[in-house]
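Mind looking at a prediction? Sequence and model below.
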Protein chains: 2
Amino acid sequence: MTNNLPIGVFDSGVGGLTVAKEIMLRLPKESLLYFGDTARVPYGNKSEETVITYSRQIARFLCSHEVKAIVIACNTASAFALDTLAAEFPVPVIGVVKPGAKAAAAKTAKGRIGVIATSGTIKSGLYERYLASINPELKVFGKACPLFVPLVEEGLTSDSVTKMMAERYLTPLLSEGIDALVLGCTHYPLLTDVIGEVCGPGVALVNPAYETAKELSELLSEKNLLKTDDTPAAHRFFVSDGEEQFRRFADTILPCELEEADVNRMVLS
Amino acid sequence: MTNNLPIGVFDSGVGGLTVAKEIMLRLPKESLLYFGDTARVPYGNKSEETVITYSRQIARFLCSHEVKAIVIACNTASAFALDTLAAEFPVPVIGVVKPGAKAAAAKTAKGRIGVIATSGTIKSGLYERYLASINPELKVFGKACPLFVPLVEEGLTSDSVTKMMAERYLTPLLSEGIDALVLGCTHYPLLTDVIGEVCGPGVALVNPAYETAKELSELLSEKNLLKTDDTPAAHRFFVSDGEEQFRRFADTILPCELEEADVNRMVLS
């Protein structure tokens, strides 16, 4: 019965856990099969070709375990590989970029939207394209923030250095008069406080993880794919490196605690 | 004729170019065959097992192109994979850790040495072990500096944020009274100015790239492996991703200019 299969979620590493978390909160009955490509993280500075190759390997792995849908929880992989995976695999595939763009378009009053993300996502111009397809009048200002991920992974989420870098990254966007800002990398929602402080109350922050969980829920409902049996959710996690480190990080983010046996190593090629 | 084969040099990415540069300056006649694993960079937060697997793949690739020696230009790979590669491959293998440790032991007067590196290198404790084998009385203080690599790759080598992070990372070492500091990651020599400013003139900075080139030169001479013919040096570079980005970075570091044809993509598995 397709409805009771898990939902596949993948990311370049641990960042996609912010998406897994939002899905668990919104769809608490659903089981997730998560793949984090921790051996090859980060994707943000890799070429389109390489990111597509890796994403395809992961989607193949998820489908070999039978999933009813695939969520690309990595902005860079969504930007580069969504169309390829959607065309090649037999299950619905959604990425984080489209739902994030939709929410930003709904939230801006002035039609001026900022997007912060990795270099790969910014260079791909995908947020711009989605936003233009929603409303060609929107003005979009992108800014790569390569230090945000290492700052989060160092645990400096509310540190003075992070504040300094946030000011430096965000000032050019603020001076363009944006009133909505897409946190276009899975790690960035963990910097919401610092980013919110720098931006002030006049800028609506958009968390694509939250919007993706919402869109996933609508999609499953539309396609009659919501779970029907009453077994509790059972999540499984695969990483390509560093199981223990992953488990510790997951425990700080997810609304459930992971056992050692829940996280396994899987090397793809 | 073995003498006229190139020297294999490998790194997790672009950082090893600081080692390639020192070899080019010291042994200008020798040709290099460089492999940068830019698709899987960084190694610093990967497990020992994964770093050994990747290093073995690269050594196999270098040997398939016939090299007369292998230089592991990555501190993490030197820390984890040097013994394995030295045992498994038929050519001399040297890493950057041992020469760096030797130079630090020679430079300290107080017997108190600091080591800054990636988390992987620090956790491996390899610098400590080498230093203890040289002189068990030496006191070694290690500190992982995970933000230094992204700061260098963002071009912030002499920025106030970098200075702040350097102060934060180095203060605990300075308060231990060190008088020598090993720059134990290939990117760190590019931060020599900032690090030197924070440490002051009482701390000798050790650049393992420089020391490795010196040791390589002695090793080749000892084993009668120095190049004998008079053809000019011809270097070749292979990367697992982002040839163009690599070439641009290489042009800012190396004493020679690279043509497009000099850099090729090679995906290993």
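Structure received. No experiment lies behind these values; they were computed from the predicted model shown.

Let me see the domain layout of chain A.
A:2-95+A:210-265, A:98-208 (automatic domain parsing).

From the chain's centroid, how far away is the first one?
Once both centres are worked out by Cα atoms, centre = their mean, to the nearest Å, domain A:2-95+A:210-265 turns out to sit 9 Å from its chain's centre.

If we ignore the residues flanking it in sequence, what's nearest whichever residue of the stretch 51-200 of chain A sits closest to chain B?
The stretch 51-200 of chain A approaches chain B most closely through A:Pro150 (4.7 Å), counting by Cβ to the nearest Cβ. To be clear about C-beta, it is placed using only N, CA and C from the backbone, and glycine gets the same treatment. In space, A:Pro150 comes closest to B:Pro150 once its chain neighbours are excluded; the distance is 4.7 Å by Cβ to Cβ, 6 or more residues apart in numbering or on different chains.

Neighbours of whichever residue of the stretch 151-269 of chain A sits closest to chain B, how many?
The minimum distance from the stretch 151-269 of chain A to chain B, using Cβ to the nearest Cβ, falls at A:Ser269 (4.3 Å). Using other Cβ atoms under 10 Å in any protein chain shown, A:Ser269 has 9 neighbouring residues.

Look at it and give its secondary structure.
Classification of A:Ser269 using DSSP: H, G, I helix; E, B strand; the rest coil returns coil.

where does chain A have its least confident helix or strand?
Lowest mean confidence among the helices and strands of chain A (mean pLDDT, DSSP states H and E): helix A:119-124, at a mean of 85.

Buried ones in it, by neighbour count?
A:119-124 (16 or more other Cβ atoms under 10 Å in any protein chain shown).

next one: stretch A:250-269
Buried, per 16+ other Cβ under 10 Å, within stretch A:250-269: A:250, A:254, A:258, A:262-263, A:265-266, A:268.

Pick the one among those closest to B:Gly111.
A:Arg265 (41.4 Å; Cβ to Cβ).

What are the neighbouring residues in contact with the closest one?
A:238-241, A:243 (Cβ atoms under 8 Å, 6 or more residues apart in numbering or on different chains).

Other residues contacting stretch A:12-22?
A:9-11, A:32, A:34, A:36-38, A:40-44, A:71, A:73-74, A:76-77, A:96, A:149, A:153, A:185-187, A:189-190, A:207, A:209-210, A:212-213, A:235, A:239, A:246, A:249-250, A:253-255.

What subset of those residues is buried?
A:9-11, A:32, A:34, A:36-38, A:40-44, A:71, A:73-74, A:76-77, A:96, A:149, A:153, A:185-187, A:189-190, A:207, A:209-210, A:212-213, A:235, A:239, A:246, A:249-250, A:254.

The residue of the stretch 151-269 of chain A closest to chain B and B:Gln57 touch, don't they?
No - under the criterion of Cβ atoms under 8 Å, A:Ser269 makes no contact with B:Gln57, lying 10.4 Å away.

what's the overlap in contacts for those two?
With Cβ under 8 Å, 6+ apart as the test, A:Ser269 and B:Gln57 both reach B:Ser269.

now the helix or strand hosting A:Val198: mean pLDDT?
For A:Val198, the element it lies in under DSSP states H and E is helix A:192-199. What helix A:192-199 shows for mean pLDDT is 97.

now do stretch A:136-146
Mean predicted confidence for stretch A:136-146 is 96.

now do stretch A:78-85
The model assigns stretch A:78-85 a mean pLDDT of 94.

Please say whether there is contact between it and chain B.
No - under the criterion of Cβ under 8 Å from any Cβ of the partner chain, chain B is not reached by stretch A:78-85; the shortest gap measures 12.8 Å.

Please spell out which residues along that stretch are buried.
Buried-residue list, stretch A:78-85, by 16+ other Cβ under 10 Å: A:78-82, A:84-85.

Inside helices: which ones of those?
Among the buried residues of stretch A:78-85, DSSP state H puts A:78-82, A:84-85 in helices.

Tell me the pLDDT of the residue of the stretch 151-269 of chain A closest to chain B.
Value for A:Ser269, per-residue pLDDT: 83.

Could you find the closest non-adjacent residue to it?
B:Ser269 (4.3 Å).

Now do the residue of the stretch 151-269 of chain A closest to chain B against A:Gly13, distance only.
17 Å (Cβ to Cβ, to the nearest Å).

At the contact with chain B, which residues of the stretch 1-150 of chain A appear?
Residues of the stretch 1-150 of chain A lying near chain B (Cβ under 8 Å from any Cβ): A:39-40, A:45-47, A:50, A:146-147, A:149-150.

can I get these in JSON lines with secondary structure?
Below are the residues of the stretch 1-150 of chain A next to chain B laid out as JSON lines (three-state DSSP):
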{"residue": "A:Ala39", "secondary structure": "coil"}
{"residue": "A:Arg40", "secondary structure": "coil"}
{"residue": "A:Asn45", "secondary structure": "coil"}
{"residue": "A:Lys46", "secondary structure": "coil"}
{"residue": "A:Ser47", "secondary structure": "coil"}
{"residue": "A:Thr50", "secondary structure": "helix"}
{"residue": "A:Pro146", "secondary structure": "coil"}
{"residue": "A:Leu147", "secondary structure": "coil"}
{"residue": "A:Val149", "secondary structure": "helix"}
{"residue": "A:Pro150", "secondary structure": "helix"}
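
Out of the residues you listed, who's the most crowded?
A:Lys46 leads the residues of the stretch 1-150 of chain A next to chain B on contacts (other Cβ under 10 Å) with 28 neighbours.

residues in contact with the closest residue to it other than its chain neighbours?
Nearest residue to A:Lys46, sequence neighbours excluded (Cβ to Cβ, 6+ apart): B:Asp241, at 5.4 Å. The neighbours of B:Asp241, taking Cβ under 8 Å, 6+ apart as the test, are A:46-47, A:50, B:38-39, B:265.

Make sure the residue nearest to A:Ser269 is actually in contact with A:Leu268.
No - with contacts counted by Cβ under 8 Å, B:Ser269 stays clear of A:Leu268, the gap being 9.6 Å.

Name the nearest residue to A:Lys29, sequence neighbours excluded.
Nearest to A:Lys29 is A:Lys227, by Cβ to Cβ, 6+ apart, at 4.9 Å.

circling back: how much space separates the residue nearest to A:Ser269 from A:Val203?
For B:Ser269 relative to A:Val203 (Cβ to Cβ), the value is 44 Å.

again, but for A:Lys110
For A:Lys110, the distance to A:Val203 (Cβ to Cβ) stands at 10 Å.

residues bridging contact with the two, i.e. touching both?
In contact with both A:Lys110 and A:Val203: A:178-179, using Cβ under 8 Å, 6+ apart.
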